[in-house]
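*Asks:* Here's my sequence, what's the structure:
(chains A, B, C and D)
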There are 4 protein chains.
Amino acid sequence: MTDLQAILDSIYTELLPRLGEGKVADYIPELAKVDPHQFGMAIATVDGNVRSVGNADIPFSIQSISKVFMLTLALGKVGEGLWKRVGREPSGTAFNSIVQLEREEGIPRNPFINAGAIAVSDVVLSGHAPREAIGEFLRFVRYVADDESITIDDRVARSETQTGFRNVALANFMRAYGNLDHPVEHVLGVYFHQCALSMSCEQLARAGLYLAARGSNPTTGHSVVSPKRARRINALMLTCGHYDGSGDFAYRVGLPGKSGVGGGILAVAPGIGSIAVWSPGLNKVGNSQLGAVALEMLAVRTGWSVFGD
Amino acid sequence: MTDLQAILDSIYTELLPRLGEGKVADYIPELAKVDPHQFGMAIATVDGNVRSVGNADIPFSIQSISKVFMLTLALGKVGEGLWKRVGREPSGTAFNSIVQLEREEGIPRNPFINAGAIAVSDVVLSGHAPREAIGEFLRFVRYVADDESITIDDRVARSETQTGFRNVALANFMRAYGNLDHPVEHVLGVYFHQCALSMSCEQLARAGLYLAARGSNPTTGHSVVSPKRARRINALMLTCGHYDGSGDFAYRVGLPGKSGVGGGILAVAPGIGSIAVWSPGLNKVGNSQLGAVALEMLAVRTGWSVFGD
Amino acid sequence: MTDLQAILDSIYTELLPRLGEGKVADYIPELAKVDPHQFGMAIATVDGNVRSVGNADIPFSIQSISKVFMLTLALGKVGEGLWKRVGREPSGTAFNSIVQLEREEGIPRNPFINAGAIAVSDVVLSGHAPREAIGEFLRFVRYVADDESITIDDRVARSETQTGFRNVALANFMRAYGNLDHPVEHVLGVYFHQCALSMSCEQLARAGLYLAARGSNPTTGHSVVSPKRARRINALMLTCGHYDGSGDFAYRVGLPGKSGVGGGILAVAPGIGSIAVWSPGLNKVGNSQLGAVALEMLAVRTGWSVFGD
Amino acid sequence: MTDLQAILDSIYTELLPRLGEGKVADYIPELAKVDPHQFGMAIATVDGNVRSVGNADIPFSIQSISKVFMLTLALGKVGEGLWKRVGREPSGTAFNSIVQLEREEGIPRNPFINAGAIAVSDVVLSGHAPREAIGEFLRFVRYVADDESITIDDRVARSETQTGFRNVALANFMRAYGNLDHPVEHVLGVYFHQCALSMSCEQLARAGLYLAARGSNPTTGHSVVSPKRARRINALMLTCGHYDGSGDFAYRVGLPGKSGVGGGILAVAPGIGSIAVWSPGLNKVGNSQLGAVALEMLAVRTGWSVFGD
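*Replies:* Here you go, the predicted structure:
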């Protein structure tokens, strides 16, 4: 196997002069405070090793990357019935667009745009109090990451609660169409907290390993999902994981991935490993600019693209 | 390696009672005449073998599958400059939608929706007469398939020319935005003829082999594209190859694929082989209904999904 | 002058067999309880007379008709500056559509669709508590109607508050674009109460008289707006007063009018009088079905159309 | 009666320093050559008088104003059945938008946007050759204007034929939905020639007089339409006559009007007279900028607004 540490080091060295590129998300005040010059990257391989570079041990707000874990949790609860509530197609519009929701009568296009993730949060609530659902979600992420130190950043959650008007709009719109079972505040309570999860690249790479390893964490042996479900979540990440930049990410990187406006990206090389990268500056469709560049370098140097070596 | 012939046979046997499902495309009169009970499937592997089942030797109208070959040809002519003329994102709308084109000022979302393919045809024309461009395209397909017997069905081309009003609308709309360099009739002349290409599953599987084999036909040794470009075309097929059903196809099948309203699908298992399936009945987003089912069965039984085994 | 009472009587007699046509609004539970067989009509002329027929003295929920009075109040407060916050064009979409709002970045198309009226409510709030703004609005309507007995139906207001998810979505969406100055709950508190105003046809016809009489109530002599502003409000009613049925209403009736989902319509014959009609059954774009028919009869029999006699 | 000539003179004097404002239509090459500093205005009153000012005797390309006459002709042929082919609602989008056409399956929103006018041209063709339909249209306009010298500018027609790609797109799109009975080239042949009609303000004001005078030309006594139909055409002009600026025109001017990209506007004061104004510079929604200003001045100074004096 290639020397992954050397590859990570070379990527870091090449990107050093470009740190700070892109635009830090400013619509969530807490996120706007983040230093854009940070960069971390970690790879957890199915053989149990973790390599990393840069600020790979600094926790950041994983934001929408959390949607992968919440989707996994929801599928565990209701199985394929989930797809009555949310679609599986790329949206062709921005992550927070409401247009599609009106055209398709309250059914979000996929679980990785905001509306879809809000519907998934509603499914996970399943009659419980928001606090319990948030607790369940946190326990689940700690379980898949095998790390009890992972926490939710309350300031970020509060910041989003105070400013997330578009998400409130999306949730109420779905409620109007009967596609939310719980009160909007409860659902958004869960949603805003899930997005406020703080994880380092190393934690995140470990947490995503089940997607690369037929549904189980190869280190702990913990089974998370079936191999089939792992494949399917990967497929959704590839077609929908980067909002309206998913096609471009697949074209350039060739790996299933999910981005967050905190500047993180979780990518999966099926059968090989799970990669987390973090660089706060975003491109114009809201994905980490240098994060995608780093993953493109990695895919080229390792030959890990799912589309051929 | 698994016994591919046995797998093909089992798929065929299971699907026999369902032949005729779906709805044959009726907007092109010539296509509406096709017997919906036909079914063929062929696999060409990188080791040079071809296995097939059912009506795998009967030529059918490959329609939009031709967009893969035309894209390959255009990239060969103008390289990555092509992306100034057409995007790389899933459309989130029907294959013949014009809405997106107005919103994004004449730039089609990707080369696999009709508008995008028309722009690609315009690129391939590059100052030549339509007859020459069509000839060049036909020679190219014969070259990648290593089969001089492949032809264009003039009746189908004529049928489309007489009834393809939406495509005429799309082309004129792009022309209005300055995104066509040649007269609309010339561009559509090329487009309608490319779609009217007749190929059997066996021919098609062979023709697609370069996408599975790092850009070269392993049998003939003919180099078609670089390994990088092969990966990228595969990526586009996965995110955009089934119109507004691309997410679902990736979810269920997990292979890059391109469908045509003639009922064919070309799928690629990178590093392994190229698969062609044909069943004329379409589902409601315009993709072969049983073709997708057959490919799902194949992916499950072979473990070829790019998203994990 | 024609014998208005005779005309009203003839309209009522002709419509009697059709009472109950259309569909009572059911998305606000309180409104769904209304008996669809009621019908009232009243005309207040600039000479101070009021003629009426049927249930013209029964108060009903005027709903969106209140937007005319709220607009008048807002224009009085901020003048033409209001048009920075809301447009003056017909929407081409449903009254509660959010699509346009995204396309035009939080600026509603006109003050008579829900989003526009919510923005107008925000303007009227102007730093006050919702209770005060509601009080000011109620006083204003009582002033223009010269009737202190007019009230707001709290059950209706509460019913809307509990079920108006789409309006909550619209308000939050505008808030996200910075087009609301006050908390969403405050703005909607005003909006839901203004819509819950109860008025009879007779009260409503009197209240609208200033629009027919150069901006002043000819009976009381109360000046409400300038003649120019009265004309302009009439123009908005004609182009935008019936949502996506405004063109049809202008075509058939030829008078400025504003409808409400309670089944009421206020129409204005400039220089002549103000007409209120009430019939709870709605047509498919959400306007009173028989109300429009009655006004068409009236316009034909009186020659009051603004488009010629 | 007010001294109309004095009012026209005062408007002209005030606007003189502003001549040249706006942007001359450039998408039809022939129109782009017009001197933007020209300005003419003419009023034909129901008593048979015509007053004018400026370049009121210079013929200009009336473009979309022709849609009023074509609509009149089509209604004469098929009556209210026309409304199965085209709607009566403002569009909420640009004059040449195709988005609405897809959403509403080939039925244009109204007869005054391009798609709607193309459908109306198809109705007028009614099985005849384009040349005959164009001849019939020209005879009709000469009849209503009582002026045999009116002609079609073939260079403008040819210019549009060569560059009107969007209109070709619109027509083919409707054809795809089955909303055109004749070949697209025939329909557009009629459409492009109708738009190329050359008329002076004086001719145009006379031609529009039937709309102000209960459907008949008061000078010649020629009956064109019934009083009811005249009202209805006026209503359509008011709600839809200025594309996505119709609401604004109604708000400021208060008269039914129809604009053309040649810089002309025809307005109607029901019962009083017909007004034509011409100033080539357009505002951003494609209507004559100073033409609308002139009409606003006129409406204020005469009190002719249909919405009150």
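*Asks:* can you give me the helices in chain A?
*Replies:* Taking DSSP state H as the criterion, chain A carries its helices at A:4-15, A:29-32, A:66-78, A:99-103, A:114-125, A:130-145, A:154-163, A:165-176, A:184-195, A:201-207, A:209-212, A:227-240, A:246-252, A:289-302.
*Asks:* Now that we have those helices, can you turn them into a markdown table and tack on distance to residue D:221 and mean neighbour count?
*Replies:* Just so you know, the C-beta spots here come from the backbone N, C-alpha and C atoms, and that holds for glycine as well. Formatted as a markdown table, the helices of chain A follow (distance: least, Cβ to Cβ, whole Å; neighbours: other Cβ atoms under 10 Å in any protein chain shown):
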| stretch | distance to residue D:221 | mean neighbour count |
| --- | --- | --- |
| helix A:4-15 | 84 | 17 |
| helix A:29-32 | 74 | 17 |
| helix A:66-78 | 74 | 23 |
| helix A:99-103 | 53 | 21 |
| helix A:114-125 | 64 | 27 |
| helix A:130-145 | 78 | 19 |
| helix A:154-163 | 69 | 17 |
| helix A:165-176 | 58 | 25 |
| helix A:184-195 | 67 | 24 |
| helix A:201-207 | 85 | 28 |
| helix A:209-212 | 84 | 28 |
| helix A:227-240 | 69 | 26 |
| helix A:246-252 | 67 | 27 |
| helix A:289-302 | 74 | 22 |
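*Asks:* Can you list the low-confidence ranges for the stretch 1-150 of chain A?
*Replies:* A:1-2 (pLDDT under 70).
*Asks:* What residues does it have near chain C?
*Replies:* Within the stretch 1-150 of chain A, the positions adjacent to chain C are A:97, A:98, A:99, A:101, A:102, A:103 by Cβ under 8 Å from any Cβ of the partner chain.
*Asks:* now swap in the stretch 151-300 of chain A and tell me
*Replies:* A:165, A:166, A:168, A:169, A:170, A:171, A:172, A:173, A:175, A:176, A:184.
*Asks:* between those, which is nearest chain D?
*Replies:* Nearest to chain D, judged by Cβ to the nearest Cβ, of these is residue A:173 at 19.0 Å.
*Asks:* Let me know the distance separating the closest residue to the closest one other than its chain neighbours from residue C:162.
*Replies:* Leaving aside its sequence neighbours, residue A:173 sits nearest to residue C:169 (Cβ to Cβ, 6 or more residues apart in numbering or on different chains; 4.1 Å). Note on residue C:169: its distance to residue C:162, by Cβ to Cβ, to the nearest Å, is 15 Å.
*Asks:* I'd guessed residue A:7 sits against residue A:304; true?
*Replies:* No - between residue A:7 and residue A:304 no contact is recorded; they are 10.4 Å apart, counting by Cβ atoms under 8 Å.
*Asks:* before we move on, the earlier item: turn the helices of chain A into JSON lines, columns for distance to residue C:16.
*Replies:* Listed next are the helices of chain A as JSON lines, based on distance: least, Cβ to Cβ, whole Å:
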{"stretch": "helix A:4-15", "distance to residue C:16": "80"}
{"stretch": "helix A:29-32", "distance to residue C:16": "62"}
{"stretch": "helix A:66-78", "distance to residue C:16": "54"}
{"stretch": "helix A:99-103", "distance to residue C:16": "39"}
{"stretch": "helix A:114-125", "distance to residue C:16": "48"}
{"stretch": "helix A:130-145", "distance to residue C:16": "55"}
{"stretch": "helix A:154-163", "distance to residue C:16": "55"}
{"stretch": "helix A:165-176", "distance to residue C:16": "37"}
{"stretch": "helix A:184-195", "distance to residue C:16": "45"}
{"stretch": "helix A:201-207", "distance to residue C:16": "71"}
{"stretch": "helix A:209-212", "distance to residue C:16": "69"}
{"stretch": "helix A:227-240", "distance to residue C:16": "57"}
{"stretch": "helix A:246-252", "distance to residue C:16": "61"}
{"stretch": "helix A:289-302", "distance to residue C:16": "70"}
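*Asks:* Name the nearest residue to the residue nearest the centre of chain A, sequence neighbours excluded.
*Replies:* Closest to where the C-alpha atoms of chain A average out (Cα atoms, centre = their mean) is residue A:65, at 1.3 Å. Among residues not flanking residue A:65 along the chain, residue A:260 sits closest, at 4.3 Å (Cβ to Cβ, 6+ apart).
*Asks:* Thought residue A:66 was touching that neighbour, still the case?
*Replies:* Yes - under the criterion of Cβ under 8 Å, residue A:260 makes contact with residue A:66 at 7.3 Å.
*Asks:* List the residues that are in contact with both of these two.
*Replies:* residue A:195 (Cβ atoms under 8 Å, 6 or more residues apart in numbering or on different chains).
*Asks:* Low-confidence regions, the stretch 201-309 of chain A specifically.
*Replies:* Along the stretch 201-309 of chain A, no part satisfies pLDDT under 70.
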